[in-house]
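[1] Could you look at this predicted model? Sequence included:
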Protein chains: 2
Amino acid sequence: MSEAMEVGYDVPALPDMTEAEVQTPCLAIDLEPFERNVSRMREICEGLGVRHRAHGKMHRSADIARYQIEAGGACGICCQKVSEAEAFQRAGLADILITNQVTEPAKIDRLARLAGRGRIIVCADDPANVAAISEAAQRRGTQIEVLVEIECGAGRCGIAPGAPAVTLAKAIDAAPGLRFSGLQAYQGGAQHKRPFSERQALVEAAIADVRTTVDLLSAAGLACDIIGGAGTGTYNLEGASGLYNELQCGSYAFMDADYAKVLDQAGQPISEFEHALFVLTSVMSTAVPGQAVCDAGLKAHSIDSGPPVVFGRPGLGIGKFSDEHGVIADPENTLKLNDRLRLVPGHCDPTCNLHDWYVGIRNGVVETLWPVTARGKGY
Amino acid sequence: MSEAMEVGYDVPALPDMTEAEVQTPCLAIDLEPFERNVSRMREICEGLGVRHRAHGKMHRSADIARYQIEAGGACGICCQKVSEAEAFQRAGLADILITNQVTEPAKIDRLARLAGRGRIIVCADDPANVAAISEAAQRRGTQIEVLVEIECGAGRCGIAPGAPAVTLAKAIDAAPGLRFSGLQAYQGGAQHKRPFSERQALVEAAIADVRTTVDLLSAAGLACDIIGGAGTGTYNLEGASGLYNELQCGSYAFMDADYAKVLDQAGQPISEFEHALFVLTSVMSTAVPGQAVCDAGLKAHSIDSGPPVVFGRPGLGIGKFSDEHGVIADPENTLKLNDRLRLVPGHCDPTCNLHDWYVGIRNGVVETLWPVTARGKGY
């Protein structure tokens, strides 16, 4: 980041500002809990004896990805889009898994070019798509690693486990320019289920699908370098399966309000990770009695998984949003004009994608600014 | 836009591409209905004898704002944030109303600087805020125009109409560096009500509040150059009031799926404006029977006002989203890999803010790319 950038027009803050001087609304990372979250995930994966491939779709930041690799021991990163992979690779990241299908001809060509500059792994669930990726790899003279994505309960993408998956794996193995590298088995539908027992039942079914498929692949002489999946809600289940060897957690680094509602085996909120990401907001109108209006609306946080939570102020509820405003019920009129609040986003991934910058704060002082490197990179 | 930009990494398309070659997901403007919408609003405002100050918060694009002024006869633009005003002013727009409070000290200073480079109008609902804006204007040697925002039913910002508003107007009128320019009276809660009668009742109440306030102001010797408000759902009501003289419509230019549900006096969907904005998407997985997965999820459209609608394909419903995926129920499996669809966003304002570019298409061919100039400009 250039120090010549103008606060307001270009960036919401500069290093050495206090948190109270930061221009709102913006994303702030409290660096100490963030660093503890990353360390904790490293310890967890080392304890489980599995690799962690941190999911960059959550933060879309090359700086955070690099920290997850260097300090957090991650083996590489995941993302969801070719354009994200382009942005991460240009920022120096060398080992990238796109946990998604890439099917459009021009995108496949872009994928094949990326594979000439670093390790690129992609998922497939369709034989015609495998043929198209092979053709592009040959044309570009590169090798693309491919995982077979199996549908293991989330009902989104993925070929059926068992024999159909093995047929597709054989096609990848036989295709010039491609390397069969294993399975993608992400049970996205399990991550946010509140009771532990529901997550456990869904992930056990997914593990059974993986086991069936791996056994058939093995009988066909095909080994899986990567058996990938899991997220912040279920990593301990896949991690202890003896099958999955790469976990793909993302939200653990920031912990949003929705993940804070997920319960552990004892029925308590999961406590391994702390809230480290906030939308900073300021009160900008108190003219209507009984409420305060803050400057963070639908363009500052995504409410698809529920509203944000006012951090450290349990008496204040924020629940009514317009594009640029959030209305905080404040029956006692405790909030004053320009009061600052930290909001814990309801859902971190689409909230991070709204902003251009993370303001990294330590002990109330801005330490660094990190761009949201792949913000808006969907195409 | 530089032609040297790389498709995919930098931009979703280049001029002369066909719509089928555009990289998805991205925003596309169908230029012919867009131009018809802008012309229609010009005719409407000319017929009503009122000015139109187009709301730039909807599109955040300097190119579109310029078109609304040059072809659409708009007298200037509105926006909601100092950072939007900075971006629009740097892009050459000279007459900008911030239809919102600006209360934070550094933001007020930025506002005062902007007023040295073009016409800047801002809203206020608090006497201490008026004093702070006056102080900044004096320090910067500029003049800032100020509207008193009255709370006329939406329950968000705004001082009470009548005597409290007049007291605030007098304070503005007396404050060095400020000019009292009128009233902001936006009934945001009325815009999306489905039956015409509900919108009418809410706006009639707002008009009564405006009338009371204007009469008291007049008795105090204070004239209103601007009486502003209204939106795409109610412009005909405020426009015919004989009081409002500047309408602030935004969504009319694009028409999202939610506004298409607003009914006219005959109980029919309002028909003045056509859908002109789309999220282009491609099918990227058909592996699970009975559904197709497209590449536009929560990072491509905001679902706060409901899901997008598949344009021109009434049999297809899209209703399940994750960050990068949309699941389309397709019981007959009519969709194939890489099929293209146009989605009408549920809510255009926060959807536009997710993207960096508008791809302008005429008769199926890309004619232009317009940056989302003030994207992410919230702080």
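    Arrived safely.
[2] Now do A:Val283 against chain B, distance only.
    8 Å (C-beta to the nearest C-beta, to the nearest Å). From N, CA and C alone the C-beta is placed, and that goes for glycine too.
[3] quick one: the strands in the stretch 151-300 of chain A?
    A:178-184, A:226-229, A:246-247, A:277-285, A:291-294 (DSSP state E, counting those that start in this stretch).
[4] Using a markdown table, lay out these together with distance to B:Thr99 and mean neighbour count.
    Below are these laid out as a markdown table (distance: least, C-beta to C-beta, whole Å; neighbours: other C-beta atoms under 10 Å in any protein chain shown):
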| stretch | distance to B:Thr99 | mean neighbour count |
| --- | --- | --- |
| strand A:178-184 | 47 | 24 |
| strand A:226-229 | 47 | 25 |
| strand A:246-247 | 47 | 26 |
| strand A:277-285 | 13 | 25 |
| strand A:291-294 | 14 | 25 |
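[5] I'd like those strands as CSV, with mean pLDDT appended.
    Converted to CSV, those look like this (pLDDT from 0 to 100):
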stretch, mean pLDDT
strand A:178-184, 98
strand A:226-229, 98
strand A:246-247, 98
strand A:277-285, 98
strand A:291-294, 98
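[6] TSV for those strands, including distance to B:Asp323?
    As requested, those are exported to TSV (distance: least, C-beta to C-beta, whole Å):
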stretch	distance to B:Asp323
strand A:178-184	16
strand A:226-229	16
strand A:246-247	18
strand A:277-285	15
strand A:291-294	25
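[7] Tell me the secondary structure at A:Pro314.
    coil (DSSP: H, G, I helix; E, B strand; the rest coil).
[8] Could the C-alpha coordinates of the lowest-mean-pLDDT helix or strand in chain A be exported in PDB?
    The weakest-scoring helix or strand in chain A, judged by mean pLDDT, DSSP states H and E, is strand A:317-321 (a mean of 92). Taking Å, rounded to 0.1, in the frame of the first residue of the first chain, the C-alpha atoms of strand A:317-321 are listed here in PDB:
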ATOM      1  CA  GLY A 317     -29.900  -4.900  18.400                       C
ATOM      2  CA  ILE A 318     -29.500  -3.900  14.800                       C
ATOM      3  CA  GLY A 319     -32.200  -5.200  12.600                       C
ATOM      4  CA  LYS A 320     -33.400  -2.800   9.900                       C
ATOM      5  CA  PHE A 321     -31.300  -2.000   7.000                       C
END
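[9] circling back: to B:Gly118, which of the strands of the stretch 151-300 of chain A lies closest?
    strand A:277-285 (22.9 Å; C-beta to C-beta).
[10] name the helices or strands packed onto the closest one?
    strand A:26-30, strand A:291-294, strand A:340-344, helix A:348-352, strand B:95-101 (3 or more C-beta pairs under 8 Å, 6 or more residues apart in numbering or on different chains; DSSP states H and E).
[11] Pairing partners for whatever helix or strand comes next after the shortest one, with directions?
    Elements were assigned by DSSP states H and E; along the chain past strand A:291-294, the next helix or strand is strand A:309-310. Take DSSP bridges as the rule and strand A:309-310 pairs in its sheet with strand A:340-344 (antiparallel).
[12] Can you point out the buried residues in the partner strand?
    Using 16 or more other C-beta atoms under 10 Å in any protein chain shown as the burial criterion, the residues of strand A:340-344 that qualify are A:Leu341, A:Arg342, A:Leu343, A:Val344.
[13] which residues are contacting it?
    Applying C-beta atoms under 8 Å, 6 or more residues apart in numbering or on different chains, the external contacts of strand A:340-344 come out as A:19-20, A:24, A:28, A:255-257, A:260, A:275, A:277-283, A:294, A:296, A:301, A:308-313, A:316, A:318, A:326, A:328.
[14] Then stretch A:162-182?
    With C-beta under 8 Å, 6+ apart as the test, stretch A:162-182 has contacts from A:112, A:121, A:124-127, A:130-131, A:133-138, A:142-148, A:150, A:159, A:183, A:209, A:212-213, A:216-217, A:220, A:222, A:224-228.
[15] circling back: with B:Ile69 as the reference, name the closest of the strands of the stretch 151-300 of chain A.
    strand A:277-285 (28.0 Å).
[16] now the angle between strand B:95-101 and the closest one, please.
    Using axes from the mean of the first three to the mean of the last three C-alpha atoms, to 10 degrees, one finds that strand A:277-285 and strand B:95-101 are set 100 degrees apart in direction.
[17] Put the alpha carbons of strand A:277-285 into CSV.
    Coordinates of each C-alpha in strand A:277-285 appear next as CSV, following Å, rounded to 0.1, in the frame of the first residue of the first chain:
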residue,chain,number,x,y,z
LEU,A,277,-13.4,-9.4,11.8
PHE,A,278,-15.7,-6.5,12.3
VAL,A,279,-17.5,-3.9,10.3
LEU,A,280,-16.7,-0.6,12.0
THR,A,281,-19.6,1.8,12.0
SER,A,282,-20.5,5.2,13.3
VAL,A,283,-23.8,6.6,14.5
MET,A,284,-24.9,9.3,12.0
SER,A,285,-28.4,10.2,13.2
